[in-house]
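Participant: Give me the fold of what follows.
(2 chains)
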Amino acid sequence: MIWAMLQRFGFLLVFGAFFGLFAAWNPVFLQGGNLLNVIEGSAVLMIIALGMTLIVATGGIDLSVGIALDFGAAFAVVAMKSYGMDWFGATCAGLIGGSVVGIFNAILVIGLRISPFLATLSTFFIGSSVQRIFTNGGGPISHRRMPEEFRNLALGDIYGVPTEAVIATVLVVVYFLILERSIWGRRIHAMGMQRSAAIVAGIQVNRILIMCFIAASVTCAVGGLIAAANIRMFTPLSGFSYLLDAIAAVFIGAALNARGRPSVLGTVAGVLFLSIVANGLNLMGLNFNTKDALQGIILVSALALAVAQQRARHNFAS
Amino acid sequence: MSRQSAFSLEGVTKKFPGVRALDKASLDVRVGEVHGLIGENGAGKSTVIKVLAGVYQPEEGLVKIGGKTLSQVTPDTVHAEGVRFIHQELHLVPHFTVTESVFLGQELSGRLGLDTKAMREDTEAFLHDVLGVDIPSNRLIRDLTTAERKLVQIARALIDDAAKVVVFDEPTAPLASDEIETVMSAIRRLKEQDIAILYVSHYLSEITDICDRVTVFRQGKTVGVFDNITNQSGGDLVYAMVGRDIADMFPAKVDRATSPGLEVVGLGDGVSFEDISLNVEKGEVLGIAGLIGSGREELIDTIYGLRKAQTGTFQLEGEPLTIKSAAQAVSAGIVLVPRDRRHDGLVLSMTVTENATLATLNQNASLGIENRRVARERTEAQIMALDIRPPNPDAVTRLLSGGNQQKVVLARWMAKAARVFIFDDPTVGVDVGAKSEIYQLIDDLATGGACVIVSSSDPVELQGICDRIAIMMRGKIIGELQTRHLSVDELVSAITGAKEIENSTYAD
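Facilitator: All right, here's what the predicted structure looks like:
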């Protein structure tokens, strides 16, 4: 009985238990300001993870999300600094910079038929190198006198809600509608689950794949704009730090999904889980070196229970 | 001449959900004979091989080898008793040499690791002495002809000299006609060494050519054992194979008004078939018959844009048409019910509604956002119309039976209001009841003015539902038959090459 309950709500229970532990350990954890911080701080990861969700839903993976973020940031900063563009021009430049990465991925995957893993890995290598060459070895390009409007992408607020959180939320809604409610989402999931059946059903899988790679990289570029606005500079290769967290968030979400599929809401849960656990462990004042290990242990135990939960659900269904 | 039994199966029954794949079937193969096993698709041939191999555990029945009953039939015990299998697929690594392939997993070792010299000599000796061919042992597999690869595969199974029984499953399927004799003479040599051989094939001409005795399966039962096989036995075998009690499964043949439909001229893929011209009118059901390896499957894939055509043109209702992808075919109104519905037909983890609406998503959406209520209602109507069970639009298609899965694929294309329906082996793995419903649906489509192409490995099915049948053999259409006065026996004779087609109506 208890075991069955544990199986069915395992992930939530583990999450709840740690939530309680964090709250008990340090009252600051539960304060509105802290939780808002967590959400604001996870906005960029959320955006990157959305792009990743889209690619994983097609049946692939995108290891170049960080490159798209870097390109978004670089194009925008250079547009403002070297070409004196205003915030709007810089934003457009950043998005175009991101789309370059997506188009390159699409050429490798669809044109040359390289598997998404290897194709985006190549993009990652090439993109990293391009950044180092462009910055003479990886030095940041700072732009202290950024237009106020551009800086507000990260530092401003809309009716008291941080702008970056608003942007992330809007993107979550858009992604949810497209991937989970639209006919395109249905096609994306169909090809991700069973590509040959999708082809026989007359779905233009290549066209969809091209659109998805471009959309994902442009989305990641939005993350790059926010990151650049936040620190008023472009730091080469900074996108890499989001890659593993984004993959983790997508697959945590997939583990929670009834079909084991990547989903937008699952990814949101994955991102919040990662961010909240990281924040909670921070507030516990743990040794920096033990923190990662603890985070891993929490993740593994929560996922093990999520899998058990899925198995229980499956037995229940059949 | 009554030799002793090499192995036998007695009263074997094997059930799968919804079907009895084997129903008290028996089979007795004697030492030093080539024993043919024939039957239509689904008759239980492959199941019996898997029972003998220890892959399937039967519910009832005995497996005897060399006169003694095996208490446990597992792949290991069977191998220990000297039973070897030559599977239809070659499973050879292209970059390995002949020797490496023969000894893969059973390498000989000397004092200093692998004894490559001994392995090389053994390989060449075996190929020369036992199989009667000379293939250099250091040649790479990828440089061999298909027949030579088949011989390497045989050598690999028999090199340990412990074989008493060898099962050949469709050994000539991938071979060109002039290569067949190489493999056949190797099999004859094996027989002379008192090895019992079970020979499973669709090609009746080969069966009558090489087999001493033949067992015929139908619907999981042993329906005949023929002791004296001669070149004249073809007709009797076909009769036993087909049976006589199935005619009423099919809708009555009626004359339908026809008008120009899909025309294919000079189609070739450069590999499996060439210069194929077909014409199917609206209101007509055209059958395509052909054994495994005849290029029938590849032809269907090419017409649907899944394979690249090297030559050939299409016309639909008089208008020229390009088909380079399945998406193009579908938008032109040509749809496929594929042979492997679990792989190509359905997205198995999706529900009935999701699968049935996959090709018509636009119709149930506004501004790209799906209206799930409409999709569900439309699907419910189709579930009623096609009698899909369970009648639940939210059922996951993975859990449906074969016949109902096939109906979901059909529902998708009927929603699309297609003009040309291509059915590729539409009733494989479908139970008898659903079969006859699917035949009725195919008939209704033609009556409604659609062009219908049915490609099938089942001659009874082709004779029953088609108006005309094009016969393919080794990549070419060798003739066309009208089914109105055609018997299944005649059709099978034509497909298997037992008899040449006389009054060919094949027009160019």
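
Participant: Neighbouring strands of the host helix or strand of B:Lys24 in the sheet, and parallel or not?
Facilitator: Under the criterion of DSSP states H and E, B:Lys24 resides in strand B:19-30. Under the criterion DSSP bridges, strand B:19-30 sits next to strand B:5-16 (antiparallel) in its sheet.

Participant: can I get the CA coordinates of the partner strand in PDB?
Facilitator: This file holds the C-alpha atoms of strand B:5-16, laid out as PDB (Å, rounded to 0.1, in the frame of the first residue of the first chain):
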ATOM      1  CA  SER B   5      14.200 -40.700 -38.600                       C
ATOM      2  CA  ALA B   6      16.700 -37.900 -38.200                       C
ATOM      3  CA  PHE B   7      14.300 -35.700 -36.300                       C
ATOM      4  CA  SER B   8      10.600 -35.400 -35.900                       C
ATOM      5  CA  LEU B   9       8.000 -33.100 -34.400                       C
ATOM      6  CA  GLU B  10       4.900 -34.800 -33.100                       C
ATOM      7  CA  GLY B  11       1.600 -33.100 -32.300                       C
ATOM      8  CA  VAL B  12       3.100 -29.700 -31.700                       C
ATOM      9  CA  THR B  13       0.700 -26.900 -30.800                       C
ATOM     10  CA  LYS B  14       1.900 -23.300 -30.400                       C
ATOM     11  CA  LYS B  15      -0.600 -20.500 -29.600                       C
ATOM     12  CA  PHE B  16      -0.200 -16.800 -29.900                       C
END
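
Participant: Which secondary structure state is assigned to B:Phe423?
Facilitator: strand (DSSP: H, G, I helix; E, B strand; the rest coil).

Participant: Which strand residues bridge it?
Facilitator: Here B:Phe423, judged by DSSP bridges, has bridge partners B:Val337, B:Val454.

Participant: how near is it to B:Asp444?
Facilitator: Relative to B:Asp444, B:Phe423 is positioned 13 Å away (CB to CB, to the nearest Å). Just so you know, the C-beta spots here come from the backbone N, C-alpha and C atoms, and that holds for glycine as well.

Participant: And those two? Which one has more around it.
Facilitator: B:Phe423 (29 against 13; other CB atoms under 10 Å in any protein chain shown).

Participant: give me phi/psi at B:His87?
Facilitator: Reported as degrees, to the nearest 10, the phi and psi values for B:His87 are phi -80, psi 160.

Participant: for it, what are its contacts?
Facilitator: By CB atoms under 8 Å, 6 or more residues apart in numbering or on different chains, the residues touching B:His87 are B:153, B:169.

Participant: For B:Leu291, give me its contacts.
Facilitator: Going by CB under 8 Å, 6+ apart, B:Leu291 touches B:173, B:202-203, B:457, B:473, B:495-496.

Participant: and which of those residues is nearest A:Ala57?
Facilitator: Comparing those against A:Ala57 with CB to CB places B:Ser457 closest, at 36.9 Å.

Participant: I'd like to know how far that closest one sits from B:Asp424.
Facilitator: Taken as CB to CB, the span from B:Ser457 to B:Asp424 is 10 Å.

Participant: Give me the pLDDT value at residue 310.
Facilitator: Just going to use chain A. At A:Gln310, the model reports a pLDDT of 64.

Participant: wait, I meant chain B there
Facilitator: We have a pLDDT of 94 for B:Gln310.

Participant: Could you verify my assumption that it touches B:Ser272?
Facilitator: No. If you go by CB atoms under 8 Å, B:Gln310 and B:Ser272 don't touch, sitting 10.8 Å apart.

Participant: Looking at these two now, which is surrounded by more residues?
Facilitator: Per other CB under 10 Å, whichever of B:Gln310 and B:Ser272 has more neighbours is B:Ser272, with 19 against 12.

Participant: Which residues are in contact with the more buried one?
Facilitator: Taking CB under 8 Å, 6+ apart, one finds B:295, B:298-299, B:475 in contact with B:Ser272.

Participant: now B:Lys407
Facilitator: Here B:Lys407 is in contact with B:386-388, B:434, B:437-438, B:441 (CB under 8 Å, 6+ apart).

Participant: Which strand or helix spans it?
Facilitator: Using DSSP H and E, B:Lys407 falls within helix B:402-415.

Participant: how big is the angle separating that helix from strand B:19-30?
Facilitator: Calculated by axes from the mean of the first three to the mean of the last three CA atoms, to 10 degrees, helix B:402-415 forms an angle of 120 degrees with strand B:19-30.

Participant: Can I get helix B:402-415 as PDB, trimmed to CA atoms?
Facilitator: Presented in PDB, the C-alpha positions along helix B:402-415 are these (Å, rounded to 0.1, in the frame of the first residue of the first chain):
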ATOM      1  CA  GLY B 402      -3.400  -6.900 -36.000                       C
ATOM      2  CA  GLY B 403      -6.700  -6.600 -37.800                       C
ATOM      3  CA  ASN B 404      -7.800  -3.500 -35.800                       C
ATOM      4  CA  GLN B 405      -4.500  -1.900 -36.300                       C
ATOM      5  CA  GLN B 406      -4.900  -2.300 -40.000                       C
ATOM      6  CA  LYS B 407      -8.300  -0.700 -39.800                       C
ATOM      7  CA  VAL B 408      -6.800   2.300 -38.100                       C
ATOM      8  CA  VAL B 409      -4.400   2.800 -40.900                       C
ATOM      9  CA  LEU B 410      -7.300   2.500 -43.300                       C
ATOM     10  CA  ALA B 411      -9.300   5.000 -41.300                       C
ATOM     11  CA  ARG B 412      -6.500   7.500 -41.700                       C
ATOM     12  CA  TRP B 413      -6.500   7.200 -45.500                       C
ATOM     13  CA  MET B 414     -10.300   7.100 -45.800                       C
ATOM     14  CA  ALA B 415     -10.400  10.400 -44.000                       C
END
